[in-house]
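Q: Could you work out the structure for the sequence below:
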Amino acid sequence: ENLHHFESQVKDFKDYVEMWIHEVKIPLSSLTLTVHNHKDKFTKSALLQMKKIDDYLEQILYYTRSENASKDYCINKISLNKCVNSVLLRNKDYLLESDIVLSVSDIDYKVYSDSKWLEFILNQIINNSIKYRREDVDSFIKIYCLSSNDSVTLILEDNGVGISEFDLPRVFDKTFTGSNGRNNVKSTGMGLFIVKNLCAKLGHKIIIDSVSGEYTKVFITISKNEFYDVLK
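A: Numbers count the residues shown, from 1 in each chain. Next up, the predicted model:
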């Protein structure tokens with residue numbers, strides 16, 4: 001009985017957090033729209049800072065969802081191309097401000113996922129690519145797919161600072177920031193932890209390959225078929 005009461009309290013708290021985040025995002029969206037419509041009166045930095053606030057709110061929102069035992073997602077057949085383009089549009093100003101060359105090819109596939117959850121996952125990965133870009137090279141992000149009979153592997157590749165061989169096995173650990181995070185005070189160490197949890201719930205497989213000072217590649221394998229483990 002005490003355990004049931006505790007679980008009920010936790011659920012109520014998570015529901016309150018979600019409600020609070022949605023309430024905060026309403027005026028933030030309005031403020032962002034105002035800045036967009038009056039760019040002559042605001043710097044690009046103001047818009048980017050508001051985007052970062054929105055991204056941190058999303059991290060909190062999806063953290064509570066990933067920790068919730070209830071099924072808070074809906075898996076449908078979705079357009080991978082549409083999902084990727086939605087995330088890129090959201091990050092357009094951030095990409096332009098960071099002077100990153102973007103290359104997108106061969107992503108016109110239908111897969112089974114939750115579009116909102118997948119967009120959050122992709123947003124976290126792209127944000128990391130931008131945040132950890134190198135200053136001594138022409139930065140790029142490449143997005144492309146490898147397809148098999150029953151799945152599609154979406155690959156996001158950048159030529160940023162990379163991840164050290166020592167840090168790589170721990171990048172999905174909760175609050176782990178590694179050497180890159182220690183050199184970047186804005187890192188929370190929560191993004192990839194949440195991404196890993198969401199992928200697990202959706203039945204997607206995620207792997208990261210990286211060489212420090214050279215590149216990072218993120219591989220997300222998603223089913224093309226309706227009947228796979230997460231739906232059983």
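Q: give me every residue that touches the residue nearest the centre of the chain.
A: With distances taken as CA atoms, centre = their mean, Q124 lies nearest the centre of the chain, 2.4 Å away. When the contact criterion is CB atoms under 8 Å, 6 or more residues apart in numbering, the partners of Q124 are 59, 191-192, 194-195. All C-beta spots, glycine's among them, are computed from the backbone N, C-alpha and C.
Q: and whichever strand or helix holds it, C-alpha only, in PDB?
A: Using DSSP states H and E, Q124 maps to helix 115-131. Presented in PDB, the C-alpha positions along helix 115-131 are these (Å, rounded to 0.1, in the frame of the first residue of the first chain):
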ATOM      1  CA  SER A 115       7.500  11.200 -34.800                       C
ATOM      2  CA  LYS A 116       7.600  13.600 -31.800                       C
ATOM      3  CA  TRP A 117      10.000  11.300 -29.900                       C
ATOM      4  CA  LEU A 118      12.200  10.700 -32.900                       C
ATOM      5  CA  GLU A 119      12.400  14.400 -33.600                       C
ATOM      6  CA  PHE A 120      13.500  15.000 -30.000                       C
ATOM      7  CA  ILE A 121      16.200  12.300 -30.500                       C
ATOM      8  CA  LEU A 122      17.500  13.900 -33.700                       C
ATOM      9  CA  ASN A 123      17.400  17.400 -32.300                       C
ATOM     10  CA  GLN A 124      19.600  16.300 -29.400                       C
ATOM     11  CA  ILE A 125      22.100  14.700 -31.800                       C
ATOM     12  CA  ILE A 126      22.200  17.700 -34.100                       C
ATOM     13  CA  ASN A 127      22.600  20.100 -31.200                       C
ATOM     14  CA  ASN A 128      25.600  18.100 -30.000                       C
ATOM     15  CA  SER A 129      27.100  18.200 -33.500                       C
ATOM     16  CA  ILE A 130      26.800  22.000 -33.500                       C
ATOM     17  CA  LYS A 131      27.900  22.500 -29.900                       C
END
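Q: Tell me the helix or strand right after the lowest-mean-pLDDT helix or strand in the chain.
A: Scoring the helices and strands of the chain by mean pLDDT, DSSP states H and E places helix 178-182 at the bottom, with a mean of 62. The helix or strand immediately downstream of helix 178-182 is helix 191-202, counting by DSSP H and E.
Q: tell me the average confidence for that following helix?
A: For helix 191-202, the mean per-residue pLDDT is 93.
Q: Please work out the angle formed by the directions of that helix and helix 115-131.
A: What separates the directions of helix 191-202 and helix 115-131 is an angle of 150 degrees, with axes from the mean of the first three to the mean of the last three CA atoms, to 10 degrees.
Q: for T216, what are its contacts?
A: Listed by CB under 8 Å, 6+ apart, the contact partners of T216 are 128-129, 132, 157-158, 160, 162-163, 208-210.
Q: And the residues you listed, which of them are buried?
A: Among those, those classed as buried by neighbour count (16 or more other CB atoms under 10 Å) are 128-129, 132, 157-158, 160, 162-163, 208, 210.
Q: Just the ones of those in strands?
A: Judged by DSSP state E, strands contain the following of those: 157-158, 208, 210.
Q: For this structure, which segments count as strands?
A: In the chain, strands defined by DSSP E lie at 76-79, 101-104, 110-113, 140-147, 151-158, 205-211, 215-223, listed in chain order.
Q: same for the first one, what does it pack against?
A: Which is strand 76-79. Strand 76-79 makes packing contacts with strand 110-113, helix 115-131 when contacts are defined by 3 or more CB pairs under 8 Å, 6 or more residues apart in numbering; DSSP states H and E.
Q: Same question for the fourth one.
A: The criterion is 3+ CB pairs under 8 Å, 6+ apart, and the helices and strands that strand 140-147 contacts are strand 101-104, helix 115-131, strand 151-158.
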